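A.B. asks: I'd like to go over a predicted model; first the sequence, then the structure.
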Amino acid sequence: MKTVARLIIGLVFTLMAVGFAGPVAACGGLFCDTDPVSQAGERIVFTVNDDETITSLIEIQYSGSAPDFSWILPIPEAIGAEGLAVPDNGQDVFDELHQMTDVQIRPPARPECALAQLRSTAADDSAIEADGEVEVFASGEVGPFGFDIIGAGESTALIDWLRDNNYRVEPPMEPLIDVYVEEEFAFIAMRLLDGETSDSIAPIEITYPGTQPMIPLRLTAVAANVNMPIWVWFFAQDQVVPDNFGHMEIDTRELTFFSGGGNNYRQLVMSRANAMGGQSFITEYAQEVNPADFENPYLGAVSERQPYLTRLATFIDPAEMTLDPTFKVESGRDGVSNVRDAGDLSGLYRCERDGDDKSLGFVSTSDAIDPTGGGDEIAATTPDPGASTFSLVGLGVAFLAVIAMVGGLAYAFGSRTRAD
């Protein structure tokens, strides 16, 4: 029996067709005959509505040509065309949420050992059931997309339908389809309409019955990077917490600060998530909000209906994507500020802890990602535990401060360094 509480929407899977001989078939989405495009990160906004429905706004990441684009994702219950929408300025929703909820860390005053090492370093460097048949529940157009919502009682029929309609499903993908067909999920298949370009791709909003958001994470392993970051925002009547995943915490006193600026917060989150098998989230923001807090009309309208905003985040490896995380509203929890104030703490600089800190670093203004693959990228590997967030050599503190203001050089995940 299908559990309505497991309703929610999937992460995006995009693939690219390259080197095709002859006509190019529809490719992308979940399935293709080529390697998947690496996913730098995933961003979803959930709204837990009062009418026992869930609305999710999903960012679609794609790199390729418009004719090759298609997008397929599982949903645990079929919906009608009225459940799909493409909001205006949907991409701005994610940008504004990052600006509002990104973790900000106020460091302690630099101790003498940090100042001395900073001077020394600078000096050195200056030197669904259908009786086995496929059922098409709805078809139509929304924004730049054409779509079909389909389901089947067994996976062979569904796979045959996808192939007959020019969706490439390779043998390694079939067991993944089996999982969701057996659990009676439906699927949304989308393509760009004629005349649209890849620049037309925009976040898609999907509304479906349910009270408990869920991410079908198992399929994300197809295209996920190692230590892939996931950010999820929830608008509800109260704070949202993981249900079947762990709920980790990072005490501010656990942070290590570096002589030239920066800290290892993201590295700690990665390490703790890895220690919990990747199946854990940290709450980075949980506060009541109101429409006046937002510039984007979409966020203003959502916050008017559901005034509590929660942000959860994690890092996870493909091999750890064996369970679909579910989330629940839980009242009575203390709010969580995205500002961590270490100003009154001491003993947190690396030179105070182990006496070795020759690195210079800085904290970027946002941990948002650029899904188009522009100048900012998310590193796909775990950082050296002894390295700073970012290493910049031969620059003084003042120059570092100026550089730190220039958005687009790097995102501070504590996962990327370059040698002194």
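C.D. replies: Cool, got the structure.

A.B. asks: in which helix or strand would I find residue 313?
C.D. replies: Applying DSSP states H and E as the criterion places residue 313 in strand 308-316.

A.B. asks: no wait, residue 343
C.D. replies: Counting by DSSP H and E, there is no helix or strand that carries residue 343.

A.B. asks: isn't residue 145 right up against residue 194?
C.D. replies: No: taking contact to mean CB atoms under 8 Å, the distance of 11.6 Å between residue 145 and residue 194 leaves them out of contact. Quick note: C-beta positions are derived from backbone N, CA and C, even for glycine.

A.B. asks: show me which of the two is the more surrounded one.
C.D. replies: More neighbours sit around residue 145 than around the other of residue 145 and residue 194, counting by other CB atoms under 10 Å; the figures are 24 against 8.

A.B. asks: and for that one, nearest residue in space, chain neighbours not counted?
C.D. replies: When the adjacent residues along the chain are set aside, residue 145 lies closest to residue 190, with 4.6 Å between them (CB to CB, 6 or more residues apart in numbering).

A.B. asks: and what of residue 158?
C.D. replies: The spatially closest residue to residue 158, leaving aside those adjacent along the chain, is residue 152, at 4.0 Å (CB to CB, 6+ apart).

A.B. asks: burial measure for the one you found, as a count.
C.D. replies: For residue 152, the number of neighbouring residues by other CB under 10 Å comes to 25.

A.B. asks: residue 201 contacts residue 191, doesn't it?
C.D. replies: No: with the criterion set as CB under 8 Å, residue 201 and residue 191 do not qualify as a contacting pair; they are 10.8 Å apart.

A.B. asks: joint contacts of those two?
C.D. replies: Where contact means CB atoms under 8 Å, 6 or more residues apart in numbering, the residues bridging residue 201 and residue 191 through contact with each are residue 69.

A.B. asks: show me where the chain has its helices.
C.D. replies: Secondary structure of the chain, counting by DSSP state H: helices at 90-101, 112-126, 155-164, 174-182, 265-275, 297-305, 350-353, 397-404.

A.B. asks: deepest-packed of those, please.
C.D. replies: Comparing these on average neighbours per residue, with mean count of other CB atoms under 10 Å, the densest one is helix 265-275 at a mean of 20.

A.B. asks: can I get it in CSV, CA atoms only?
C.D. replies: Once non-C-alpha atoms are left out, helix 265-275 reads as follows in CSV (Å, rounded to 0.1, in the frame of the first residue of the first chain):
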residue,chain,number,x,y,z
TYR,A,265,33.3,24.7,9.6
ARG,A,266,32.5,23.0,6.3
GLN,A,267,35.2,20.5,6.8
LEU,A,268,33.8,19.6,10.2
VAL,A,269,30.3,19.1,8.7
MET,A,270,31.8,16.9,6.0
SER,A,271,33.7,14.8,8.6
ARG,A,272,30.7,14.4,10.9
ALA,A,273,28.4,13.5,8.0
ASN,A,274,31.0,10.9,6.8
ALA,A,275,31.2,9.5,10.3
